[in-house]
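**Q** this one's sequence-less:
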């Protein structure tokens, strides 16, 4: 197990390094003049030079790249260009807001979709099964911003059940905060319900058909025992890995959702930084990518713990 | 197979005989027949066809021009304006219909490009293996680790939002996924006897990859292509919505939602909801088609 963890960790670090390189190429190498873009076409050259100086885009590329790698390692990305404070402050605060939303959404999604998946798998081939599958396909194929505006119009405005903006007033209790966060969380539920439910269903169907399940039933275990000890332990493995992968993906969905519900989390911060604050944009993208790496790493480790066979397949 | 069969029989590099070719065309006809019998495929095709007509027909099929102003502004849907009018007094229905053009132009191209590049790299990764595979795999994994929307945001903010940039961005983002699929099926194919015998009769890697392996993995590639088109529409709409700020007159679905979703709170829901539903209908339609294609190839 130790060897597996070490190898897996080494792979993650290589990938992270490549991510930094790709982001660096797009942000620092290809654009000709960041200062000009930020200052606008009619700004005096002096101002443009000043911006480039401040952002350090005149430094040798290797120095710029070094700063970026150091930034990822120490979570110190220098100062924001648009706001007069460290990038890590801006990102950190937004990150925790997004985490609140994300955790709330996952707490709603995971039990709901795993139960729907198991429910469908146990009725494989029947009408309820088809219904879960169709619902899953439809819900996960609609872009999150589409479901967000529909939720906003129907539940927020027409029915008036929840707030259409997600940011609770300062100092609100946790319950009030949650009620403000409900609509954006539902938008996330709609997107991820489909993925997780279908993954669970497929995994459980395969496990139900497996020989070990038949053996377990034949040797006289109760249905609950067969399900919990044999079917679910094997059948939920794809679910664990899809949840891990999706957590990274959700961070991307957050941009659209936070924009619609005007929630100042990481997504909205990155969006606002896109046109006018390159340090925050780059840091935001790298933080998200790091979280994604950690989430997939975590899900791989959980899988290895659940299934010793997976430990052998590290170098696929 | 008798033991005396000389090796040269296998080596006499015969072009694929007539028999497998008719077999292949029969299989194709059979798949088409199965496809037409799937309700999902029919429903998806009807919706897709509707949007294609809108895209091709332009102002000849829409009630008004997408840019035509001068109607009373912010009118709720009614007989004279089925989808209502927006805050600038434009007919929402006409704009939604015109919006089909951009998506249907960009998405298939982007998907096709990603499938071509992903297939080439996947063949190299899965057949040639070695250091090339190692390098490409790591890079692809890194691209996959950056959420699509963030990557798109980064690229759009650097290179702008022209059609070419849109196509290239989405192709770039999807290539790793195609690569992964093609690489894994190629790995499996490369183990099979027909590849070994082609190698024994002295064919080069290029011939084996393009003439031997590709014809045998068209199934996964076609499935990947249809699935990617659906995701391309999804991603394109989301990116355009998120980046927004495009020219306000442009009748582009994501853009229309982005400019009008703020009005929902005040009760003016139609300028945002109808383009949103248009996106949903097109994505679901393409996914239904992709789903049918996938299960026909799987059976």
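**A** Yes, it's here. All values derive from a computational prediction rather than experimental measurement.

**Q** Now the most centrally placed residue in chain B: phi and psi?
**A** In chain B, the centroid-proximal residue (Cα atoms, centre = their mean) is residue B:229; its distance is 1.5 Å. When read as degrees, to the nearest 10, the backbone of residue B:229 gives phi -60, psi -40.

**Q** Give me the nearest residue to it, chain neighbours excluded.
**A** The shortest distance from residue B:229 to any non-neighbouring residue, by Cβ to Cβ, 6 or more residues apart in numbering or on different chains, is to residue B:111 (4.4 Å). From N, CA and C alone the C-beta is placed, and that goes for glycine too.

**Q** Please name the residues that touch the one you found.
**A** B:170, B:171, B:174, B:225, B:228, B:229, B:231, B:232 (Cβ atoms under 8 Å, 6 or more residues apart in numbering or on different chains).

**Q** Three-state assignment for the third one, please.
**A** Secondary structure of residue B:174, reduced to three states by DSSP: H, G, I helix; E, B strand; the rest coil: helix.

**Q** Identify the residues contacting the residue lying closest to it once chain neighbours are set aside.
**A** Among residues not flanking residue B:174 along the chain, residue B:114 sits closest, at 3.6 Å (Cβ to Cβ, 6+ apart). For residue B:114, the contact set (Cβ under 8 Å, 6+ apart) comprises B:170, B:171, B:172, B:173, B:174, B:175, B:177, B:178, B:228.

**Q** In what element of secondary structure is residue B:114 found?
**A** helix B:92-123 (DSSP states H and E).

**Q** Give the rounded mean pLDDT of whichever helix or strand comes after that helix.
**A** The element immediately downstream of helix B:92-123 (helix or strand, assigned by DSSP H and E) is helix B:130-145. Here helix B:130-145 scores 86 as its mean pLDDT.

**Q** List the buried residues in helix B:130-145.
**A** Within helix B:130-145, the residues that count as buried by 16 or more other Cβ atoms under 10 Å in any protein chain shown are B:133, B:136, B:137, B:139, B:140, B:141, B:142, B:143, B:144, B:145.

**Q** Distance check, the closest residue to residue B:132 other than its chain neighbours against residue B:208.
**A** Closest residue in space to residue B:132, ignoring its immediate chain neighbours: residue B:124 at 5.8 Å, by Cβ to Cβ, 6+ apart. For residue B:124, the distance to residue B:208 (Cβ to Cβ, to the nearest Å) stands at 12 Å.

**Q** Who are the contact partners of residue A:19?
**A** By Cβ under 8 Å, 6+ apart, the contact set of residue A:19 is A:286, A:289, A:293, B:142, B:145, B:146.

**Q** Pull the number of nearby residues for the residue of the stretch 151-300 of chain A found nearest chain B.
**A** Of all residues in the stretch 151-300 of chain A, residue A:252 sits closest to chain B, at 2.8 Å by Cβ to the nearest Cβ. If you count neighbours by other Cβ atoms under 10 Å in any protein chain shown, residue A:252 ends up with 25.

**Q** I'd guessed it sits against residue B:149; true?
**A** Yes: with contact defined as Cβ atoms under 8 Å, residue A:252 reaches residue B:149; the gap is 3.9 Å.

**Q** quick one on the thing from earlier: biggest separation within the contacts of residue B:111, which pair?
**A** B:170 and B:225 (13.4 Å; Cβ to Cβ).

**Q** Okay, and the closest residue to residue B:119 other than its chain neighbours sits in which element?
**A** Closest residue to residue B:119 apart from its sequence neighbours, by Cβ to Cβ, 6+ apart: residue B:182 at 4.9 Å. Using DSSP H and E, residue B:182 maps to helix B:163-190.

**Q** ok and the residue in the stretch 51-200 of chain B nearest chain A?
**A** residue B:147 (2.8 Å).

**Q** so where do the strands sit in chain B?
**A** Counting by DSSP state E, chain B has no strands to list.

**Q** low-confidence ranges in it?
**A** Filtered on pLDDT under 70, chain B yields the residue ranges B:1-21, B:244-249, B:299.

**Q** can you give me the helices in it?
**A** Along chain B, the segments classed as helices by DSSP state H run B:7-11, B:18-36, B:39-57, B:92-123, B:130-145, B:148-159, B:163-190, B:193-200, B:205-207, B:214-216, B:218-243, B:253-260, B:270-298.
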